[in-house]
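Enquirer: here is the input, now give the coordinates:
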Amino acid sequence: MVLSFRDVWVKAAVEHVILTIMYRSKKGEITTRDVEPDFIVFRGSTLCYYAAYCHLRHEGPRCFQPSRILGCSVTDRTFQPSPKGRWRELLPLYQARGLAMKGWGEGECPLPAG
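Expert: From the prediction side, this is the model:
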């Protein structure tokens, strides 16, 4: 079973696993970034952004628009979450989706909808 991009993000945030994403900036520049997923920004029930600490920019949280994420892969590296991190907000979704019991799958993760 292949996880959705949102499930990959939630699982990585809760399990503190670094993701590598390919991202297109507002200016159209494409970069590859290692990110430490932290939370998801919603407006009502609409997903707006994925938030993470970005190794390329050395800052966080940075917000990534789903439509600009061009690729994603799960690394074998973990991170120490920030004490101010909001990843705990994702625990109910992590538990409801049974993500602790699901593997990462193989290769690239699916792209986010949007």
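Enquirer: Pro66 and Gln95, how far apart?
Expert: In this view, Pro66 and Gln95 are 23 Å apart by Cβ to Cβ, to the nearest Å. Heads up, the C-betas are built off the backbone N, CA and C, glycines and all.
Enquirer: same deal with Glu59?
Expert: From Glu59 over to Gln95 the distance is 30 Å, taken as Cβ to Cβ.
Enquirer: again with Pro81
Expert: As judged by Cβ to Cβ, Pro81 and Gln95 stand 17 Å apart.
Enquirer: so for the two, which sits in the more crowded spot?
Expert: Using other Cβ atoms under 10 Å as the criterion, Pro81 and Gln95 rank with Pro81 on top: 17 against 11.
Enquirer: so the more buried one touches Ile18, yeah?
Expert: No: counting by Cβ atoms under 8 Å, Pro81 stays clear of Ile18, with 11.4 Å between them.
Enquirer: give me the common contacts of the two.
Expert: Jointly contacting Pro81 and Ile18 under the rule Cβ atoms under 8 Å, 6 or more residues apart in numbering are Glu36.
Enquirer: now the helices for this structure?
Expert: In the chain, the segments counted as helices under DSSP state H are 5-15, 91-96.
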